[in-house]
Each structure stands twice: as C-alpha cells, then as structure tokens.
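Let me see the structure of the following:
(chains A, B, C and D)
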Amino acid sequence: MNFDFSEDQRQLRDTARRALVPFAGAAREALEGGPGSELGGLGSGMWSLAGEMGWLGAAIPERFGGVGLGRLELCVLAEEFGRILAPIPFSSTVYAFAETLMACADEATQAHWLAQVAAGKAIGCLAASEGAGTVSPGRIEAALRGGKLYGSKTPVADGDSAHAAIVLAKDESGGLRLVLVALSQAGVSRKVLETLDPTRGHAELSFDGAAATPLGAPGSGWGEYERACDRVAALLAFEQLGGAQACLDMAVGYAKSRYAFGRPIGSFQAIKHKLADMYVAIEVARSNAYYGAWALEQGGRELAQAAAAARVAASEAFTLAAKENVQTHGGMGFTWAADCHMFMRRAKLLAVQIGAPGVWREKLVRALEQSNQG
Amino acid sequence: MNFDFSEDQRQLRDTARRALVPFAGAAREALEGGPGSELGGLGSGMWSLAGEMGWLGAAIPERFGGVGLGRLELCVLAEEFGRILAPIPFSSTVYAFAETLMACADEATQAHWLAQVAAGKAIGCLAASEGAGTVSPGRIEAALRGGKLYGSKTPVADGDSAHAAIVLAKDESGGLRLVLVALSQAGVSRKVLETLDPTRGHAELSFDGAAATPLGAPGSGWGEYERACDRVAALLAFEQLGGAQACLDMAVGYAKSRYAFGRPIGSFQAIKHKLADMYVAIEVARSNAYYGAWALEQGGRELAQAAAAARVAASEAFTLAAKENVQTHGGMGFTWAADCHMFMRRAKLLAVQIGAPGVWREKLVRALEQSNQG
Amino acid sequence: MDFNDTPEEAAFRTQAQAFLAATCSPKAARKSAERPARMEEAQASYLARAKAYQAKKADAGFAGLTWAPEHGGRGLAPIFSVIFGQEEARFDAPGAPFTIGLGMCLPTVIAFGAQPHKERYVRPALRGEEIWCQLFSEPAAGSDVAGIKTRAVRDGDNWRVSGQKVWTSGAHYSDFGLLLARTDPGAHKHKGLTMFFLDMRSKGVEARPIHQASGESEFNEVFFDDVVIPDAQRLGDIGQGWSVALVTLMNERLAVGGSPGPDYQDMMAFAAGALAADGKTSLLADSAFRQSLADWYVSAEGYKLGRFRTMTALSRGQAPGPEASIGKILNANRLQEITSAAIDAQDHYGVVMGQSAASDLFLRSYLWAPGLRIAGGTDEILKNIIAERVLGLPADPRADKGIAFKDLPTGA
Amino acid sequence: MDFNDTPEEAAFRTQAQAFLAATCSPKAARKSAERPARMEEAQASYLARAKAYQAKKADAGFAGLTWAPEHGGRGLAPIFSVIFGQEEARFDAPGAPFTIGLGMCLPTVIAFGAQPHKERYVRPALRGEEIWCQLFSEPAAGSDVAGIKTRAVRDGDNWRVSGQKVWTSGAHYSDFGLLLARTDPGAHKHKGLTMFFLDMRSKGVEARPIHQASGESEFNEVFFDDVVIPDAQRLGDIGQGWSVALVTLMNERLAVGGSPGPDYQDMMAFAAGALAADGKTSLLADSAFRQSLADWYVSAEGYKLGRFRTMTALSRGQAPGPEASIGKILNANRLQEITSAAIDAQDHYGVVMGQSAASDLFLRSYLWAPGLRIAGGTDEILKNIIAERVLGLPADPRADKGIAFKDLPTGA
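Next up is the predicted model:
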C-alpha cells in the first residue's frame, strides 16, 4: 500500500513551489491587465520557466523532446499551478492537447507537435463546445469536408493564444472525429471572449475551410473526446485542489490574525467549523484525486469512474472553499484588492471548463452502472 | 394586511393547548404500548376530548352537527396536535375523510358521515397507495365493479381503526373515482402494519366485493384525489410545524440547561447556529403554511401551489428539526427514554404520509408552470 | 387572515398611488434585473432627478410618514411606510440617495439633537435638499461595530477627528455624515464612544470609492485627517455614543431591502431555454433542476410571506424584531445557489460574458452575491442575533469584558 | 503510487489468510446488512465462540500485533494490524468483544501498570480469557470527557467509588473495567482525576442495558455504589488520571471502524427496483437521484481512499493523526441522507416495516444513524478537533480555566 506520491514526486512539488515563488503575483497582473492578458503570464516568464524546468514536457517521451516522466508528475505540477492561479495555458496545452495527441495521433504528428510543446514553442487547445448547453454528440455541427474544417467552436479555453487546436467535428460519413488544426492559417479566425475569469484566455474559433488532420479512426471522435476529457478531468482536479487548498490556507491565516470582540475570529466556532467543513471537502477531493491520478497513470478502464469522481469532488471543494474564503474575510474579502474574488472566478471557470459538475455527476453514475454490469 | 390568525383563532389555540396539557404523555404511552396502540390515544380520552371540544367538527357545518368554523381553525388545532405528537386519527378523519366528503359527496352521505365524525363516533381514512413507490394514476389497480370494490390498499394511515374509507379506484369505464366504503362489512379485511412510528396506526385494507358508494362524477377520481391531497397537505403542514417547533423548543431548553466545559452548551456557536438554522427553516415553513391556510380557506386556484409549498417547507423543517434536536441532546438524545426519537419517527411518517417531499416538489413546479401559463 | 388593507390603509394607498402616478413614470423591466446598475447610476443627473422627486414627495406629505408632525412627518404607523414603499416600487422613483439619511441618520438627530439642530437639519433632509451618510464601519470594526478606532480628541469647543471609515454608501455626494468616534480609549470598548455629525465638506475629509470584488464601486472609504467638528455637533453625551448608535441601528431594520439580483422566476425563464445535463431534454424538464427550483421558490416565498407577517405586526403597531435577520440569510444564500446553478447549466459556455442580458446578470450576480452575505451583518452575526435575541440562548463568552479598549488584543 | 503490499506486508497477509481460512468460515452476506444484529448477538453462545477464536488468534501470533514481544505481541508497525483487520473482515471472525479491551484498556495497563499487573492481566486478555471494558463517559460528561463526577475517596489501602458511567460497551460481560474517577473535586477539572482498574464483579457494581432510540440495546449504564478498589489497582499517580486517559483515547483512533449501515451500493441496488417521483421511470434513471448518488459515491470513496492514505502513513511508521476524524463525519452524515432518501423513495409505503430486508435495513438505520453522529465524538467536537489540531486555529475560550471542579457552573 503506497497511496501517496513518491519521494521524487514530492521533491518535484517542492522544486516547483520554490520556482514559482517569483510568480505569486502573476495572476493579479493578468487580472489588472484586463481580458486577454494571460499572455502577460506568458510574457511574465512563467511559461518559459515551465519550458525550461521541463514541466511542459514532463509526460512527453524523451524521443519527442520531453522528460519522459509520468502523469503523476503532471498531477504534482497541476496542484502547484492551481495554488497560485497560474495565468498560463498549461492545462489546455499539456493535459488536453499533448495528452490527446499521445493517445490518438500518428507518430509523425506526435513528433512534430509534442517537440514544440515540450520546448515551450507551441500552445495547444481542445475545442468541443459550440455554445450554451451541455456538449453532446448530437449537437456538434463543425464539419470536416475534403480535409477542410468548417464551423465554429465557443468557448475554447486558451483558443486566443493557441497555435493549434484539436477539434471535435463531424466527418463526411456523419460520424464524429477529432481533427488537428493549425491556427495560424487562412480559414481560421478568432474572437477573444470575455469571461468571468480575465486571467485565463478564451476565444471563439471559426473555421472556414482550414486544413485539418483527422486523429484516430473514423467514427472514434466522441469516444476519443470523452477519454480526453477524462484525462483532463483527472489532471484538472489537482489544479482545483491546489486552488481550494490555497483558499483554505488564506482563510486560516486570516482567521488567526483578524481580531473581533477581543479575540481572533478563528476562535469562534462559526469560523472554526466553516474552515473544518472546507478541510473535509478538500480531503475528500484529495483522496478522490489521488485515485484519479493512479487510474490515469495505469491507463486502464478504471479511469472514467475515477476521473469523474475526482472532478466532482474537486469542483465541489474549490467552489466551496472559494465561496467560504470570501465569507471568512468579511468585508475585506469583497474588495477588489483582496485576492479572494480571483479564486471565486477561477473556481467557477474550472468547474465548467470541460463540463459542469452536474454533467460529471451524470458521467460518474454511468460509469458506476457500467462497472456494475461488467 | 392581516397575515396572521385572528384573536379568536389565537384564543382557540390557547384553549387547545391548555386542554391538551393532561395528554402530554399520550404519545409516549402509545409508543410503549406497542404497534396499534394509537387506540390508547383514543382510550386515553384525547379523542373524546376532541369530540367534546368541537374540534372534530370545527369545520363541519352546523347543520351536520359541526361547529361551522373554518379551515383556519383546523390549522390552529393541527399545530397543537403536532406539537404533542397526538396519537389519534385526527388528520385522517378530519383533513382527509371529512374534508373530502364535503368536497364531493352528496348531501345524504355528508349528513350521515359528517354528523358521526363531529360527534366523535366515526373515524375515517383515505386510501390510495397500493405499495412501494409513488402513487400515480396508472398504478391504481383497486376496482369498482357493479357497486362492489375489489383490490387492496397499503399503507392506509389509520386504516386500522377507521370505520370508513375513501378509496381511489378504477371504475368500469377504466377511469378513476373516489369511492366511500364502510369498513365494518363482509368483504373488507384489514392487516395492521408495523411502521417507523408505532404511535400512529396503519393498515393494509383488502376489499373483496365490499359495497362502495362512488363520490363525485365518473372519471373525476384522480383530480378529486389530488385536491384532497392539497387540502390535507395544507393542514398537515401545521401538524408538521407544531412538531418542528416542539423540537426547537426542546433543543433550546436543553441547550440552556446542559453544561459542558463550564458553560451552557447553548453558548457555543456550533449549537447556537444549529438552532438558528432550525429557526430559519421553521419560519420559512410557517410563512408558507400561513399562505397555504389562506389559500385553503379561500378555496381558489391558488391552493395547489400554496399547499405544495407549505408541505415542502414543513417536511423540510420538521425533518431537520427532529434530526438536529437529537444531535443537540447528544448521547441523551439517542436514548429511548428521551422523546427525541419520537419526533424523528413522526417527522418521517408525516413527510411521506400523503406523498414524499420529492413528489411534492415536483407538484409544486407543475403548479408554478401552470400559473405561469395562466 | 386576509391580504387586504384596512379601510384607513386602503385610503392611504389610493392617495399614494395618485401621487406617484402624477409624479413618476411606471417601472419598465423586472426589478431584479436592474440592481447591478443602481449605484453606477448615482451620478449628478440621477441625483438631481432624485432631489426633485424627494421635494415633491415631502411637499405632498409622503416623506417622513412615521415622524412626528413637528418634524414634518405625519405620525403614522410603520405599516404606512411599507405601503408607500410597495407602491413606490412600481414606479421609476429615485429614492435611493435618501434611504440611509432619512432611515437612520435623521431619526438619530431627532432623538438626540438639540432643538436648533432639528430646526436646521430635519426639513432640508426630508425635502432632499441635503443628503446624509452614516459613518460607523471601519476596517477593523466590521462585525464588531463597537471596535471602532477613529479618534476624536477634545480641543476647546471643538473636537479633532482622525481615522478611517469604510463601506460608506453615498459618502461622495453626501452633505452631512453621522460619525461614531472613540473619545476615550482608556474606557471599555462600548463606553469610550461619542456620536457626532459633520459637514462632509469639512477640511480633511476625503471619500474614495472602494473597488469591489464584483468590479463595481458602490461604497466608499472615508478618511479623516485632523477634521475639526464643533462640540455643538455632538449627539448625546460624551461616552454615550454606543447608546446613540443602537438607536441608529434599530432604525436600520425598517429599511431592510428586498431580494436583489435574479431569483427563481429568472431561473425558471432561463431554464425553459436551456438544456439539461443529458444534452437533450430541456433543463426545465430535468428532475434535479425541478427539485432545486421548488426549494428556491419555497425560500423566496418564505422571505416574501415573512415580510407580510412583519407587516401584519407593524399594522398592529408592533416594532420590527430581530427575526427580520432571516430574510437576508435566505436571500443571500439563495442568490449564491441560483447564480452558481445558472452558470453550471450552460456547461462550458456558462462563464462567457456578453452572450445575453440574462446570462450576464447571473454572472455579475455570482460575483456580487458573496457581498450580500456580508453587508449589513454576516450570516454568522445574524445567526448569533437569532440565537441570542429570538431564541434566548446565552451570549458568547466576552473576551473584551472589563478591559480598556486600548489594551484589547488586536493581533497587531 | 500503488495499492500493492510491500514484500513483507504481502508475506504477512498470506500468513493471515492461511490462519483465517483454517480457523473461520468466510462471511456470507454484505457486511453492511448485518450491523444492527451485531450486538444483539453478543450472547453467551457468541461470547464462547469469540473467546475460542481469540485464543487461537493469540496462539497463532495474530493478537497484539503492535505490542512489544514481552507482552505477548510481535512489535509490528500499525499497518500490520490494518492488514490483519482487512483479511479478518472477509471472514466470520467474532472479534467484537475484545476491541475495546485490547485496543484501549490493555495498552493503558501496559503503559502505566506495575510489573505484576502486566504479568497478571495482559496475557489472559490477549487470549480472550478475560474481557475488559472502558468506564469514562458519564451522563454529565459526554463531549466534555474530563467533566466526570464519579467519586473515588481514599480509605486506607483502598478507594471507595460511587457514581455512574454510561455508554459502556460490553459492561455486562466484561471481567475488568478501566475506570476514570474524580479523586479531588477541589482541584481543577483536569487535575483531580485518577485512573483505576477494577473487577467488574466487585460488590456495588451494577450494569444495566441502555434502551436506545433505535429500540436496540448495545450499551450499558454502570452504577457504582461504594465499590472498593485497592490502591494497588491505581494506574498512574493520583491526580494524573487525565494524562493516563489521553493515552487510552489516543489508542482509540486506530480502532476507528468502517462505514456501518447501508451505503451507496445498497441505494443503487434499491433504486434499480424503485420508481421515481413521476411514478413512471425507474428511480435509478431519475436525474435528481443520480446527482445525489454521485455525491454519496464521492463521499464514500473519500472515506475509503482516505483510509488508504492513512494506511500509507502507517506503512511509513507514522502515527494516525486527528484527520481520521473526518471519516466519521462523512459516514454518519451520509448515512442520515441515504436512509432518509430511501424512505422517501418509497413514497407512502416508505415507513412500513417488514416489507423487505433492504427496506427494513434502511428504516432501522434511519433510527440508528443519529447515534453515529454522536458516539465517539459529536460532529461538533470532531470539527473542533480538526480546526484546532489540524488547522491550528485558536482554542475556544475556556470558561472552566482556573476554577476548582466543584465550583464549576453546572446549571443544576
């Protein structure tokens, strides 16, 4: 029984945490810079740091220029990025784009793009949603015709800065397929979107005959997309966990130092028990996230169930922790100057990014039903 | 604006509360007497008191031997009975049986049965459920053929002690109809059921050619049943409210007198805020119950929505209050000798008696949709 | 039990309706949709419109309804204020800038001011010619209101005030302010306070807007740098400021507002056009959504009907009690649930701004809702009030009992 | 990250499996279904069977795994106890009567007892020949364990004990009891306590079953009427009872049990055969139910996987920390939700007993669940522990500080 990260992995965490100290203010800078300024995160050097430290290529095989570690290392990094609300397209590029290429692109495509990702030269994204409402197979209108892509996707996380996108589209036979599209070509247009969280970029991507490379077998698109979401969910759960833990740490710190009625507010049970509730939610999320990490690393059939549970628990923990962190801070927590609202924004952004909590609860129960049958 | 009970109604409440003081232990006696001993409640004199005080006939017209007051007076009484967990078939006889007869029986039937109810000589009940699962039109198998009733109903609240039942059944045309059945005839058999709350009687009623009188027009059965449920819901909400308030009163009293760590446990915010939460739930229930009472008295189209909201809020308040009353009492609250568990039992019994909370939430939203359309 | 006015109330309502119909235009959109814009609108043009309206209202005898006639009021029971408020809410009646002054500050002036003060200040405030703000909260005195540190030091016939107030509504357009200051740090927390009023244009007063988490600026910080206040502008005795403040705060209860932001109706309308988690059926047909919708309705009705019960008590001449605290707990928590659910319901797209007015309202309110759980008393403070003042539970142990204010631990 | 044993752990597991297979029969039904019957079974026949099993277990070297060899143990790390427990749970192994004695009482005797005590009592307990119970809780000392009133008065070489204990598991079949008593009511609450052990058959000891809210009787009240205990049976110094008790209670953490009563699997199986609120579709197809089911699964997994994390720490030789408190909070609250939801799901019929084993289990557990939120530390106490000992928040203000126990307010 070793249901924890290894000594090496914990060292990676400590290294990452130390290396990120200079970037503690990066999310605030991105916020103050207004919409689209997550490129400030890029400009601030966090992105090049991620490349230099080998974090972008942590799970990319060495033959493609990566470090050749595993997904557990990505989990460790995700938690650290989540903790400081990193305003960089790490999740889209690494969890979604690179991992999906490794799962279903051919060797040449992998060789080209993974090397670029590992070197910090390419930002990638995953584009499925076509507007408000749950993403489902019957609602995909983007279409691949004669190797060209038509249609539009919105919102696309990091679609504003990405060099390439993996897009869920219909092919000529009417089946769904993931396709790879370079975004710096004619036939692609982007509209930057303003979202609840200005520290992360979103765009609407429109395709009018852009060259696109199919990934995986014909008709495999929805299945590959769901598996991609499961991988992203398992990794994103650690970002959410990092965010939730940061909220709890902030709230605990504030509750110890803020005095009212002649004593620290953290000595009042109303606050103590609120923070204990946050802790419980976070520990539930952490345990489920660990299992998700294990299933991701194993790559077996447990992943769908484990990833869904990790995501449900992590979304719950982060939104609760963000909300009650504001409440613990009182009036101070409701000011722009305090970081509390940045966590409120990010918590909701991540909770809907690859599907809202209700959608993942539904996925979890479907997985439970399947594992009961099989 | 007078959104409260009148002076007369409040005097009725005070009178009832005083008159019931000698019966504070009646529910405990019924509990210790084992299943079916709600007749102990009858034997204890509470039932005859209810007859003598005119409570059984409070809303029955004077020409049928009643007092000729209104439904608001029934609400007042319901709250008092709820408060002491009265182990008598008041709700079945008065809210369900008598009110339904007044809504859809002919003059002669009313004259016969209402006089008996008002005099304390007849106990009535309403029988719809035919086993586990939500009661719905398609699931009713009890059938009226040639004026005779066949089939069985379970559970029937107070079916063990009732003299007559109003039964939801199919008629020859396949439509649903409410029918009135005297229970002291050949062709009726009863099986007493053990339930979570031994202080209230339940039975399975089986009919094998029992003489039955149809009520209302052919095909009206489901509609009449739903309206009957709305009336019962509005009244039962006050019983639930009384029970919830009694739990809060118990918990507050205990929290003031029980000391731990050198001070009353009611001075700890964990307890204070728990009790404040109970209070909030009860006040929400009370406000919704008042509106239900108003709608019941008006008899207009607001009733369905108002009754559903009253019932949802009251079920929520009573189950919460019963549960957290145990918790406030700690170990003491988990003993048989403390009354806390009797409220836990009754809270759940009343929450499912004419349909579970989920069913009523669904009804409430349907009513909202209809009022939006009309 | 009926929802009808008494004959006297009905007559008054008719008069109010006639006045409002003659003075204001009817309101266009749903009330809930406009809240986020309310304070942003508090510009010069809005203020001018508001002042003109208030003057007409006072001249027609609809301002200060509960005040004694000698102060320009009509000596009516609180229910008449409620009735006027109900009718006013149907119109585009710009009353916001006067709520705090007339609801809290002037009643304090009337209760504690000298006769010349009353003659000088009450009528101009009632006619909207002068606006008042309330200067109590401080950065280190939020839930613990009596913990204020702003110092007033005696200087002959004057006091010199330095310190900082926070969360002050309307400080930048107010003419006068009601100021609670500490005059004796050596006394116990509640004993060393004194109440003043001051001209907001005094030298050394500076109001700065607070940038809120939601991005808006509805409140101010107010800085005092050696501001001179004549002792004649003291309200009540030296060291009695807390007793005076309690009178101000008690009047706050009557001013408790409605449910701001989107509510169950908005969610229901929204759900009719949205999809459930299965991506196929309407969200409004989804049983999980319907169960939540029922709960939101019950909570919203619990608030609304509870107000009717309070009005009934007012109608009988009773004072509004601490049970009004439950309204804000219900509304704030429901708003957090509803806004969060609305965002979730749109899946990936839920966080995108600018797609529709309804969706933007949910997003803005998601950020604004946490403030509602804090402003005017946090959930935690309100639950303490319910527990202690409604249920009669013992007070929290007082760590600040019998200790001079200056010696209280502050963690600093 | 892997779920595999170390080679040493794997070897031990194999030995344990071999022993258990040779000694016990495999368990038949789902564990959850049998809880309510557990203690009722604690009759003479069950006790005899349990004692026989425990003797075999000790003789085979599987009792007292973490104890030092000189006390009959094997000096293994706590993870080996967990492994044996996992394997034992697959069999019909009657270990319940010894849990408290071996888990809490005897470790205290080993830590504080004189050498002759250890020689006399440890081995018979390990072999199941003598059963021990723990006598701490009292009617007025529940959450506030140190508030016990049972008096022990010195009488030459003996002590005379009068008072009452409560919630004592197994008092009626125990041979010995570990007793915390107050020896100096004039000292501060925590200072006036002393620990003893006594023969439960001493004159003046009477155990009476407690009739629980759920109708069962799993615990006892124990009355002491001038019971004589030799001073030689004192554990630790006079007035040091609280320090001794802390050692006993620390050992309790390792004994934290699993999730009792029906869980999400039972609910899922049940829902497959039940109808949703619309009366038509399966409850398992109902989206409101599915959303709840997902949350129950996440909570149950959070508990189960959290135990794996604790085991990992144990495997590394770390001690179990206060974070184990979250398990009971999760399990107890989930049990309340699940049992309530199961009853509701059957609509009118939900409260009827005797319709099916599954339904009866939900009903019995509905009544039993509130006890789980209280026994072994209420939610409120556990949250305080998390807040103070895990998160490092300040302690509640102590009203009992520096006051003699006899002068503490009790409300009486």
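
Run through the helices of the chain in chain order.
Looking at chain A here, since you left the chain open. For chain A, helices defined by DSSP state H occupy the ranges A:7-20, A:26-32, A:38-43, A:46-52, A:71-83, A:90, A:99-104, A:107-118, A:221-257, A:269-298, A:303-329, A:340-353, A:357-373.

Actually, chain C is the one I wanted.
In chain C, the segments counted as helices under DSSP H are C:7-23, C:35-38, C:44-59, C:78-88, C:99-100, C:106-112, C:115-126, C:241-252, C:264-272, C:287-315, C:325-345, C:357-372, C:379-385.

for the record, mean pLDDT for the shortest one?
Confidence for helix C:99-100, expressed as mean pLDDT, is 91.

one step back: and of the helices of chain A, who's closest to D:Ile329?
Nearest to D:Ile329, of all those, is helix A:269-298, at 6.1 Å by C-beta to C-beta. In short, each C-beta sits where N, CA and C put it, glycine included.

Is the closest one positioned near chain B?
Yes - Helix A:269-298 is in contact with chain B by C-beta under 8 Å from any C-beta of the partner chain, via A:Gln269, A:Ala270, A:His273.

near chain D, from these?
Counting by C-beta under 8 Å from any C-beta, A:Gln269, A:His273 from the residues of helix A:269-298 next to chain B sit close to chain D.

Name the nearest of the residues of helix A:269-298 next to chain B relative to A:Glu130.
Distance to A:Glu130 across the residues of helix A:269-298 next to chain B (C-beta to C-beta) is lowest for A:His273, with 43.6 Å.

What's opposite C:Glu221 in the beta bridge?
Note on C:Glu221: beta-bridge partners by DSSP bridges are C:Arg208.

Mean confidence (pLDDT) on the strand ranked longest in chain A, please.
In chain A, with assignment by DSSP state E, the single longest strand is strand A:202-215. Averaging pLDDT along strand A:202-215 gives 97.

Could you list the paired strands of that strand along with their orientation?
Strand A:202-215 pairs in its sheet with strand A:148-157 (antiparallel), strand A:176-182 (antiparallel), strand A:188-192 (antiparallel), by DSSP bridges.

how about a markdown table for those, with mean neighbour count added?
Output for the strands paired with strand A:202-215, formatted as a markdown table (neighbours: other C-beta atoms under 10 Å in any protein chain shown):
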| stretch | mean neighbour count |
| --- | --- |
| strand A:148-157 | 23 |
| strand A:176-182 | 23 |
| strand A:188-192 | 15 |
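
Dump those strands to a markdown table, plus mean pLDDT and distance to A:Ala309.
Putting the strands paired with strand A:202-215 into a markdown table (pLDDT from 0 to 100; distance: least, C-beta to C-beta, whole Å) gives the following:
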| stretch | mean pLDDT | distance to A:Ala309 |
| --- | --- | --- |
| strand A:148-157 | 97 | 22 |
| strand A:176-182 | 98 | 25 |
| strand A:188-192 | 97 | 34 |
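
how about those in TSV, adding distance to D:Pro94?
Compiled in TSV, the strands paired with strand A:202-215 are given as follows (distance: least, C-beta to C-beta, whole Å):
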stretch	distance to D:Pro94
strand A:148-157	57
strand A:176-182	57
strand A:188-192	68
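
Nearest residue to C:Asp231 in space, please, no chain neighbours.
Nearest non-adjacent residue to C:Asp231, counting by C-beta to C-beta, 6 or more residues apart in numbering or on different chains: C:Asp157, 5.3 Å away.

Now do the closest residue to A:Tyr279 other than its chain neighbours against D:Gly85, distance only.
Among residues not flanking A:Tyr279 along the chain, D:Ile386 sits closest, at 5.6 Å (C-beta to C-beta, 6+ apart). Distance of D:Ile386 to D:Gly85, computed by C-beta to C-beta, to the nearest Å: 24 Å.

thinking A:Ser6 is in contact with D:Arg316, fair?
No - taking contacts as C-beta atoms under 8 Å, A:Ser6 lies outside contact range of D:Arg316: 11.8 Å.

more crowded one of the two?
Neighbours per residue (other C-beta atoms under 10 Å in any protein chain shown) separate A:Ser6 from D:Arg316, with A:Ser6 holding more: 14 against 11.

Next, find the distance separating the more buried one from chain B.
Distance of A:Ser6 to chain B, computed by C-beta to the nearest C-beta, to the nearest Å: 39 Å.

How confident is the prediction for that residue, by pLDDT?
pLDDT for A:Ser6: 93.

what separates it from D:Ile79, distance-wise?
Distance, A:Ser6 to D:Ile79, using C-beta to C-beta: 18 Å.

swap in C:Lys149?
Where D:Ile79 is concerned, C:Lys149 sits at a distance of 55 Å (C-beta to C-beta).

For the two, indicate the residue with more neighbours.
Between C:Lys149 and D:Ile79, counted using other C-beta under 10 Å, D:Ile79 has the larger neighbour count: 25 against 17.

before we move on, back to that, looking at D:Ile386 and D:Gly85, which one has more neighbours?
Shown here are D:Ile386 and D:Gly85; by other C-beta under 10 Å, D:Ile386 has more neighbours (25 against 17).

pretty sure the more buried one is touching D:Ser325, no?
Yes - judged on C-beta under 8 Å, D:Ile386 makes contact with D:Ser325 at a distance of 5.6 Å.
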